[in-house]
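Chemist: Structure for this input, please:
(one chain, ligands or ions: 2)
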Amino acid sequence: MGKFTVLNHPLIQHKLTIIRNKETGTRVFREVANEIAELMVYEITRDLPLKDVEVQTPMATVTEKTLAGKKLAVIPILRAGLGMVDGVLELIPAAKVGHVGMYRDEKTLKPHEYFVKMPADIDQRDLFIVDPMLATGGSAIMAIDALKKRGASSMRLVVLVAAPEGVKAVQEKHPDVDIYAAALDERLNENGYIIPGLGDAGDRLFGTK
Ligand code: PRP
Ligand code: URA
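Modeler: Ligands and ions are numbered 1, 2, ... in the order given. Below is the predicted model:
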């Protein structure tokens, strides 16, 4: 079973409260969602492997550390996942970016895939799938299916707010994928929205509806 971790760093919690607030407008929502993504990825990458490398400083030659292991890629689930990409790229500017387009049918709550464009070498990369909301889990499960179908084998799911239903569904369908969230909320309402949540993440990020 994949691990589920809530990253409850005080700065993450503080910033999440800002974007939960319905009075927070598009500009601040966008800024702060990216800041949270950046802080989350900082925490999640603590376990990246290192290797020794010799470096010449202006004063001496020393053996120091550099990143080893697979290259990284960030995969936003469109549209709302775009709201976390810049934050991740602040820390990992060389990461490639793949896009998975999913929208959730408002009546059935079933996800529909409409776009997939991946770096050619996703099978050789560690992927950070980003999406602000993990509600029923349908979109994340379908996005992971799409990535695995294209050869990806190493990925983590990074969300701002998770519902217990979505965590369980992803863990059951994709037990090899670890999930990281800034918060685990109470439940879904009858329309599949997370309670208390932050509303519709895509609409709040892009100022739609
Ligand atoms: C939202 C959100 C997730 C999905 C979560 O996207 O960004 O992708 O819903 O719901 P689920 O876990 O029940 O699948 P939405 O479908 O609203 O599309 P958008 O990002 O284009 O607004
Ligand atoms: N998608 C959102 O944007 N918000 C929710 O609460 C659930 C799904």
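Chemist: touching ligand 2 at all, the lowest-mean-pLDDT helix or strand in the chain?
Modeler: Of all helical and strand segments in the chain, the minimum by mean pLDDT, DSSP states H and E falls on strand 99-104, at a mean of 94. No. Shown here: strand 99-104 not in contact with ligand 2 (Cβ under 6 Å from any ligand atom), separated by at least 6.6 Å. C-betas here are computed from N, CA, C, even on glycine.
Chemist: Just checking: what are the partner strands of that strand?
Modeler: Strand 99-104 sits in its sheet next to strand 71-78 (parallel), strand 111-117 (antiparallel), going by DSSP bridges.
Chemist: Name the secondary structure element that contains residue 44.
Modeler: helix 26-44 (DSSP states H and E).
Chemist: What parts of the protein come near ligand 1?
Modeler: For the chain, the residues in contact with ligand 1 (Cβ under 6 Å from any ligand atom) are 77-80, 102-104, 109, 111, 131-140, 166, 192, 200-202.
Chemist: Report the buried members of the residues you listed.
Modeler: In terms of neighbour count (16 or more other Cβ atoms under 10 Å), the buried residues within the residues of the chain next to ligand 1 are 77-80, 102, 104, 111, 131-140, 166, 192, 201-202.
Chemist: Can you tell me which of those residues end up in strands?
Modeler: Among these, the subset assigned to strands under DSSP state E consists of 77-78, 102, 104, 111, 131-134.
Chemist: Rank those by pLDDT and give me only the lowest.
Modeler: Among those, residue 104 has the lowest pLDDT, at 88.
Chemist: My read is that residue 4 contacts residue 181, right?
Modeler: Yes. Taking Cβ atoms under 8 Å as the definition, residue 4 is a contact partner of residue 181 at 7.4 Å.
Chemist: Could you tell me which residues touch both of those two?
Modeler: Common contacts of residue 4 and residue 181 (Cβ atoms under 8 Å, 6 or more residues apart in numbering): 162, 167.
Chemist: who has more neighbours, the two?
Modeler: Per other Cβ atoms under 10 Å, whichever of residue 4 and residue 181 has more neighbours is residue 181, with 25 against 18.
Chemist: what residues are up against the more buried one?
Modeler: So, once contact is read as Cβ under 8 Å, 6+ apart, residue 181 ends up touching 4-7, 134, 158-162, 167.
Chemist: out of those residues, which are buried?
Modeler: 4, 7, 134, 158-162, 167.
Chemist: Excluding chain neighbours, what is closest to the residue of the chain found nearest ligand 1?
Modeler: Taking Cβ to the nearest ligand atom, ligand 1 has its nearest neighbour within the chain at residue 202, 2.3 Å off. Computed as Cβ to Cβ, 6 or more residues apart in numbering, the closest residue to residue 202 that is not its neighbour in sequence is residue 80, at 4.1 Å.
Chemist: Cool, thanks, talk later.
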